[in-house]
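Visitor: this is the structure alone, sequence omitted:
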């Protein structure tokens, strides 16, 4: 009989539940195309997005793709940031007709990290009880 291993959270930084509008842009050798996204969770290292499709223009989102690059852009009244990102997983969404997509932020510069930390400080103050 197989046994299930308990889930172990290996994250070094906390995640926060949010509901932010964003743009996920796909850059390839011959095009640049964007789609609207909803950021539902965020940490200093990455985010969970909700998308209506796994397709951006003519490109399908693929885990670890080296032929396309992605950038996630979030603009809020408190702060804004833009970060190159890598797709690390995707699955059927929690809501009907959506997909959940996990992204990892790449090349975290001090300026980008400060912008994300500023956004997270507002979230942490407003919703500390949603941290897990």
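Guide: Received the coordinates, thanks. Since this is a predicted model, take the numbers as computed values, not measurements.
Visitor: next, residue 118: phi, psi?
Guide: Note on residue 118: its backbone torsions stand at phi -60, psi -40 [degrees, to the nearest 10].
Visitor: and for it, the neighbour number?
Guide: Around residue 118 sit 14 other residues, with neighbours defined as other C-beta atoms under 10 Å. Where you see a C-beta, it was placed from the backbone N, CA and C, and this is true even at glycine.
Visitor: once you drop chain neighbours, what's closest to it?
Guide: Once its chain neighbours are removed from consideration, residue 118 has its nearest residue in residue 79; the separation is 4.5 Å (C-beta to C-beta, 6 or more residues apart in numbering).
Visitor: how close does the one you found sit to residue 25?
Guide: Residue 79 sits 19 Å away from residue 25, taking C-beta to C-beta, to the nearest Å as the criterion.
Visitor: more crowded one of these two?
Guide: A side-by-side neighbour count of residue 79 and residue 25, using other C-beta under 10 Å, places residue 25 first with 19 against 16.
Visitor: doesn't that one lie inside a strand?
Guide: Yes: the assignment for residue 25 by DSSP: H, G, I helix; E, B strand; the rest coil puts it in a strand.
Visitor: and it, what does it touch?
Guide: Going by C-beta atoms under 8 Å, 6 or more residues apart in numbering, residue 25 touches 32, 33, 34, 56, 70, 71, 72, 73.
Visitor: same check on residue 20?
Guide: With contacts defined as C-beta under 8 Å, 6+ apart, residue 20 is in contact with 38, 39, 42, 74, 76.
Visitor: from those residues, which ones fall inside strands?
Guide: For these, the ones inside strands are 38, 39, 42, 74, with DSSP state E as the criterion.
Visitor: tell me which of these is nearest to residue 52?
Guide: residue 38 (9.3 Å; C-beta to C-beta).
Visitor: partner residues bridging the closest residue to that closest one other than its chain neighbours?
Guide: With C-beta to C-beta, 6+ apart as the criterion, residue 38 has its nearest non-adjacent residue at 4.2 Å, and that residue is residue 50. In this entry, residue 50 is beta-bridged to residue 38, residue 100, by DSSP bridges.
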